[in-house]
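[1] no sequence on hand, only this structure:
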């Protein structure tokens, strides 16, 4: 039983593991429990229905009913709860309802007395948490990138001819597209002056289509757009302009130049809050004002917002945060293009590429023991 919340965890964590389990023909059935999350796209269930290894998918509402004992779901005699995203408390409740052991992957360790195995995503987390048993397995996202390199021998040519090739990624939450897409359009218009031969592309998640984009006509942006080809676009791009999110780590593993933007002019829809803060922002009238103050405070306290920068505690990717005039983005893109190539290696010791295979072996051992 796997818990998962948003698209980043689904595509970068769950899918590589499912592919590895399928390739090894592990005799297991998979139940997916989607959990409530402000970062979810709403398309997670649709994406999972295509995977033949998944035998049951529970919506966030169904998951909550099961977790709190409001459902008569019967659990098989033997199983495992694997946390791959969401609120850990939901996985703890599933452990209680099912009686299965609970494995936690890639998260700050809460409820340690309820956890049977901690699977550390990063070496620093493995060293930080004094918890036993624990295993350092690495980043499933790295397995996703390696898997893509093997399966994609011929990338589709997505960019038009020209240089530099600049990719704009708006993220996975379509609610923010109305703001960020127009912002990217203005940046592209300014970039055409220093780079008259430049070519651009928008990369959208594969679970979206033109009907899901909150604009009357995508073509008016004047930039080619693609759905479900983000990884190929990253590989072909000279520079990617994006926002904080899971794709920052994919860019790092692909050794690609990128600029990370966190525009705070449109906080109401662009940045969701979690926990109690997420409830406060819904208060009529003063809620949005409180939210803006909370976000501004968090932004001042955080040294970095892009995960590669956080992990390395240095600038792997430049960040622009707050009120960002498009001209500032153009200046940074020029610096990146005329500067040295991306030369930071993801060492196998710190970022192993065999994570999906290691986790598959652990699952097999659990099943056969």
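    Cool, the structure landed. On a predicted model such as this, the values are computed, not experimentally measured, just so you know.
[2] and residue 136, how close does it get to residue 303?
    For residue 136, the distance to residue 303 (CB to CB, to the nearest Å) stands at 25 Å. The C-beta positions use only the backbone N, C-alpha and C, and glycine is treated the same way.
[3] ugh, typo on my part, it should be residue 114
    Residue 114 is 32 Å from residue 303, by CB to CB.
[4] which one of these two is surrounded by more residues?
    Set residue 114 next to residue 303 and count neighbours by other CB atoms under 10 Å: residue 114 wins out with 15 against 10.
[5] host element of the closest residue to that one other than its chain neighbours?
    By the measure of CB to CB, 6 or more residues apart in numbering, the closest residue to residue 114 outside its immediate chain neighbours is residue 92, 4.7 Å from it. Using DSSP states H and E, residue 92 sits in helix 88-98.
[6] what's the answer for residue 103, then?
    Going by DSSP H and E, residue 103 is part of strand 102-105.
[7] and what of residue 300?
    helix 287-301.
[8] beyond that helix, next helix or strand please.
    helix 307-312.
[9] C-terminal to that following helix, what's the next element?
    strand 319-322.
[10] strands paired with that next one, and their directions?
    strand 257-263 (parallel) (DSSP bridges).
[11] what average pLDDT does the strand it pairs with get?
    For strand 257-263, mean pLDDT rounds to 95.
[12] which residues sit against that strand?
    Residues from elsewhere that reach strand 257-263, judged by CB atoms under 8 Å, 6 or more residues apart in numbering: 179-180, 183, 238-244, 248, 251, 270, 299, 305-306, 309, 317-324, 329, 332-333, 336-337, 341-342.
[13] now the angle between helix 287-301 and that strand, please.
    Per axes from the mean of the first three to the mean of the last three CA atoms, to 10 degrees, the angle that strand 257-263 makes with helix 287-301 is 140 degrees.
[14] mind listing what's buried in strand 257-263?
    The neighbour-count check on strand 257-263 (16 or more other CB atoms under 10 Å) flags 257, 258, 259, 260, 261, 262, 263 as buried.
[15] and stretch 87-101, by the same measure?
    Those would be 87, 88, 90, 91, 92, 93, 94, 95, 97, 98, 100, for stretch 87-101 by 16+ other CB under 10 Å.
[16] stretch 18-37 now?
    In stretch 18-37, counting by 16+ other CB under 10 Å, buried: 18-21, 26, 28, 30-35, 37.
[17] what about residue 207, how many neighbours?
    19.
[18] cool, residue 117 as well?
    With other CB under 10 Å as criterion, residue 117 counts 18.
[19] thought residue 56 was touching residue 48, still the case?
    No - the pair residue 48 / residue 56 is not scored as a contact, 10.0 Å apart, by CB atoms under 8 Å.
[20] so which residues of the stretch 101-250 of the chain form strands?
    Taking DSSP state E, counting those that start in this stretch, the strands of the stretch 101-250 of the chain run over residues 102-105, 117-120, 134-136, 165-168, 199-204, 225-227, 239-242.
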